[in-house]
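J.: All I have is the shape, not the residue letters:
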(Lines give C-alpha, C1' and ligand atoms only; values in the text may rest on other atoms or scores of the structure.)
Protein backbone atom coordinates (compact mmCIF):
# COMPACT_ATOMS: atom_id res chain seq x y z
CA UNK A 1 0.00 0.00 0.00
CA UNK A 2 1.55 3.32 -1.01
CA UNK A 3 1.99 6.12 1.54
CA UNK A 4 0.10 9.31 0.78
CA UNK A 5 0.81 12.34 2.88
CA UNK A 6 -2.28 14.09 4.23
CA UNK A 7 -1.16 17.45 2.84
CA UNK A 8 -1.37 16.03 -0.65
CA UNK A 9 -5.13 15.72 -0.23
CA UNK A 10 -5.76 18.75 1.97
CA UNK A 11 -3.25 21.42 1.02
CA UNK A 12 -5.06 24.22 2.89
CA UNK A 13 -5.77 22.29 6.09
CA UNK A 14 -3.04 24.09 8.03
CA UNK A 15 -4.21 27.47 6.78
CA UNK A 16 -7.86 26.91 7.77
CA UNK A 17 -7.06 25.57 11.23
CA UNK A 18 -4.77 28.55 11.84
CA UNK A 19 -7.46 30.91 10.59
CA UNK A 20 -10.01 29.40 12.96
CA UNK A 21 -7.68 29.93 15.94
CA UNK A 22 -7.02 33.52 14.90
CA UNK A 23 -10.77 34.15 14.72
CA UNK A 24 -11.29 32.58 18.16
CA UNK A 25 -8.57 34.80 19.68
CA UNK A 26 -10.06 37.91 18.06
CA UNK A 27 -13.57 37.09 19.34
CA UNK A 28 -12.31 36.49 22.89
CA UNK A 29 -10.30 39.73 22.84
CA UNK A 30 -13.36 41.63 21.58
CA UNK A 31 -15.55 40.21 24.36
CA UNK A 32 -12.99 41.18 27.00
CA UNK A 33 -12.78 44.67 25.48
CA UNK A 34 -16.58 45.07 25.61
CA UNK A 35 -16.70 43.93 29.25
CA UNK A 36 -14.02 46.41 30.23
CA UNK A 37 -15.59 49.21 28.18
CA UNK A 38 -18.97 48.75 29.82
CA UNK A 39 -17.10 48.68 33.15
CA UNK A 40 -18.84 45.56 34.41
CA UNK A 41 -15.53 44.21 35.62
CA UNK A 42 -13.90 47.35 36.98
CA UNK A 43 -16.75 49.18 38.72
CA UNK A 44 -17.43 48.48 42.37
CA UNK A 45 -20.95 47.68 43.51
CA UNK A 46 -21.23 50.92 45.51
CA UNK A 47 -20.10 54.34 44.32
CA UNK A 48 -17.06 55.53 46.24
CA UNK A 49 -18.00 59.21 46.23
CA UNK A 50 -21.43 60.26 47.48
CA UNK A 51 -22.95 63.63 46.84
CA UNK A 52 -24.38 65.78 49.63
CA UNK A 53 -28.00 64.81 48.91
CA UNK A 54 -27.20 61.12 49.27
CA UNK A 55 -25.38 61.66 52.56
CA UNK A 56 -28.22 63.77 53.88
CA UNK A 57 -30.85 61.20 52.87
CA UNK A 58 -28.77 58.42 54.43
CA UNK A 59 -28.48 60.30 57.73
CA UNK A 60 -32.24 60.94 57.74
CA UNK A 61 -32.93 57.27 57.03
CA UNK A 62 -30.69 56.24 59.94
CA UNK A 63 -32.62 58.54 62.27
CA UNK A 64 -29.75 60.91 62.94
CA UNK A 65 -31.83 63.87 61.74
CA UNK A 66 -35.39 64.94 62.43
CA UNK A 67 -37.72 65.76 59.58
CA UNK A 68 -37.35 69.48 60.19
CA UNK A 69 -33.55 69.27 60.22
CA UNK A 70 -33.61 67.19 57.03
CA UNK A 71 -35.87 69.64 55.20
CA UNK A 72 -33.84 72.64 56.40
CA UNK A 73 -30.53 71.11 55.32
CA UNK A 74 -32.00 70.05 51.99
CA UNK A 75 -33.21 73.59 51.41
CA UNK A 76 -29.76 74.94 52.35
CA UNK A 77 -28.15 72.61 49.82
CA UNK A 78 -30.49 73.79 47.08
CA UNK A 79 -29.62 77.42 47.84
CA UNK A 80 -25.88 76.80 47.73
CA UNK A 81 -25.92 75.17 44.30
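T.: Cool, the structure landed. This one's a predicted model, so the numbers in the text were calculated from it and none came from an experiment.

J.: Longest helix of this protein, counting residues only.
T.: Assignment by DSSP state H gives helix 13-37 as the longest helix of the chain.

J.: I'd like the average pLDDT over it.
T.: Across helix 13-37, pLDDT averages out at 86.

J.: and it, how far from the chain's centre?
T.: Remark: helix 13-37 is offset 20 Å from the chain centroid, using C-alpha atoms, centre = their mean, to the nearest Å.

J.: Not counting sequence-adjacent ones, nearest residue to residue 67?
T.: Leaving aside its sequence neighbours, residue 67 sits nearest to residue 60 (C-beta to C-beta, 6 or more residues apart in numbering; 7.8 Å). Backbone N, C-alpha and C define where each C-beta goes, glycine included.

J.: what's the burial count for the one you found?
T.: By the criterion of other C-beta atoms under 10 Å, residue 60 has 17 neighbours.

J.: Give me the three-state assignment for it.
T.: helix (DSSP: H, G, I helix; E, B strand; the rest coil).

J.: That one contacts residue 70, doesn't it?
T.: Yes: judged on C-beta atoms under 8 Å, residue 60 makes contact with residue 70 at a distance of 4.3 Å.

J.: overlap in contacts of the two?
T.: Both residue 60 and residue 70 lack any common contact, where contact means C-beta atoms under 8 Å, 6 or more residues apart in numbering.
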